[in-house]
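In: Starting from these lines, generate the structure:
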Amino acid sequence: PSITNTNSIVRESGISTLGRYALLSKEEIVIEEVKPLLLKVAGNDEERLEIRGQAALALCDLALLYSAILEPCDVESETVLFASIIKSMLDHSKPAVVAIAAEVTAKLLFAGKLHDSYLLAQLLVVFFRTDFLDASMEEGDERVKEVGSIVRLQQLLTVFFPAYSIKSHEGRETLLGSIASFVSIINDKQNKKTTQFASMTWPVVKMIEYVCSTVDIGAKQGMDKPVVDQEDGEEKSEGGMEYSREEESVHTTSSTLSASIAVSEFIIKEGTSVTTAYLRALCKFLGGAYIDVESDSEVQLAILKKKVNELEMLITDGTSSRALQKMNDALSSINSEDEDGTSSDESDEDFLAE
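Out: Numbering: from 1, shown residues only. Predicted coordinates for the structure are as follows:
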């Protein structure tokens, strides 16, 4: 009765109590009875934000114990997914709601309960939001320890991204995969006519470089680096997981090369919707990216060369073209491959021979 009470204070206490009770209950009761109630509250746009936040925190704690919390659930004839609720809350206009959702997301990603590059991209967007940085300066010291505090969130994410990269190869792959998502998210926000995002500055170059450097550091210091088990002589990761050199050898593409391909593909796909200022920022990254043509993956280098050639045909802005020319010069020795695996130079020779 307390979670349906007309008094919001009573409802908030009821949700908090229900979450604690569920931690001590059997999994069957949690999944069948508690989960639908918490999902209903967390996903209710008409509920008070403090109460929705309590429900989300309770679901997060339960998800760390029971993976079934993250599976689809029928709530009042609708299929509800906790991850979808989190994504919606991360895009909320209220900073406190975003902070709670971001903390929940970080916990679930780090625990390995979720592997979602889009959620990780949303976290990066939150981490680099300039209005949040300004808001954190205004918060008092007494609020730092409170869930929903922007200062607390900034401190948490400052530790989270490097730790997530160091923890596993899968985490680093998810980080790199988030680049394509967050450049798209920023583009969508810039195209919105709302005053909240229209005038906001997004340091997209800094964001991409941050991801690349975080991935590189994680690869060097990672817990999944091979160590020899003293008992059986087998190679395992520093975190105790089995290690595969065959798996490692497949992933020879540098983080900068992967990021460059992701950015190029985004511009090609969304060219008409990208503002001139944003296009220049993305091309600035491409022009300044260091690509080692001697040691990087030949296949991925050929793919990037093909993308850059396409961009040269598409881009009409002079500033963007000049920035892109730097990358084209760096890739001048690379033959771009078509989908059938033949290089563009080979295709031209075949055409002339005919």
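
In: got the buried residues for stretch 33-46?
Out: 34-35, 37-43 (16 or more other CB atoms under 10 Å). Backbone N, C-alpha and C define where each C-beta goes, glycine included.

In: Turn these into a markdown table, including secondary structure and pLDDT.
Out: Output for those, formatted as a markdown table (DSSP: H, G, I helix; E, B strand; the rest coil; pLDDT from 0 to 100):
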| residue | secondary structure | pLDDT |
| --- | --- | --- |
| Val34 | helix | 93 |
| Lys35 | helix | 94 |
| Leu37 | helix | 92 |
| Leu38 | helix | 94 |
| Leu39 | helix | 94 |
| Lys40 | helix | 92 |
| Val41 | helix | 92 |
| Ala42 | helix | 92 |
| Gly43 | coil | 91 |
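
In: of all these, which two lie farthest apart?
Out: Val34 and Gly43 (14.8 Å; CB to CB).

In: ok, which stretches of the stretch 1-150 of the chain are helices?
Out: Using DSSP state H, counting those that start in this stretch, the helices of the stretch 1-150 of the chain run over residues 8-23, 27-29, 35-42, 49-65, 82-90, 95-110, 117-127, 130-138, 150-167.

In: any idea which of the ones you listed scores lowest on pLDDT?
Out: Among the helices of the stretch 1-150 of the chain, helix 130-138 carries the lowest mean pLDDT, at a mean of 66.

In: Output the contacting helices and strands for the helix or strand where Lys269 lies.
Out: Using DSSP states H and E, Lys269 sits within helix 255-270. With contacts taken as 3 or more CB pairs under 8 Å, 6 or more residues apart in numbering; DSSP states H and E, helix 255-270 sits against helix 169-191, helix 204-221, helix 276-288, helix 298-314.

In: pretty sure Phe285 is touching Glu209, no?
Out: Yes. Taking CB atoms under 8 Å as the definition, Phe285 is a contact partner of Glu209 at 7.5 Å.

In: So between those two, which is more surrounded?
Out: In this view Phe285 and Glu209 are compared by other CB atoms under 10 Å, and Phe285 has more residues nearby, 22 against 17.

In: need the contact list for the nearest residue to the more buried one once chain neighbours are set aside.
Out: In space, and not counting its chain neighbours, Phe285 is closest to Val205: 4.7 Å by CB to CB, 6 or more residues apart in numbering. Neighbouring residues of Val205 by CB atoms under 8 Å, 6 or more residues apart in numbering: 281-282, 284-285, 288.

In: ok, now how distant is Val205 from Asp74?
Out: 44 Å (CB to CB, to the nearest Å).

In: need the helices and strands packed on helix 255-270 in JSON lines with mean pLDDT, can you?
Out: Putting the helices and strands packed on helix 255-270 into JSON lines (pLDDT from 0 to 100) gives the following:
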{"stretch": "helix 169-191", "mean pLDDT": "94"}
{"stretch": "helix 204-221", "mean pLDDT": "95"}
{"stretch": "helix 276-288", "mean pLDDT": "94"}
{"stretch": "helix 298-314", "mean pLDDT": "93"}
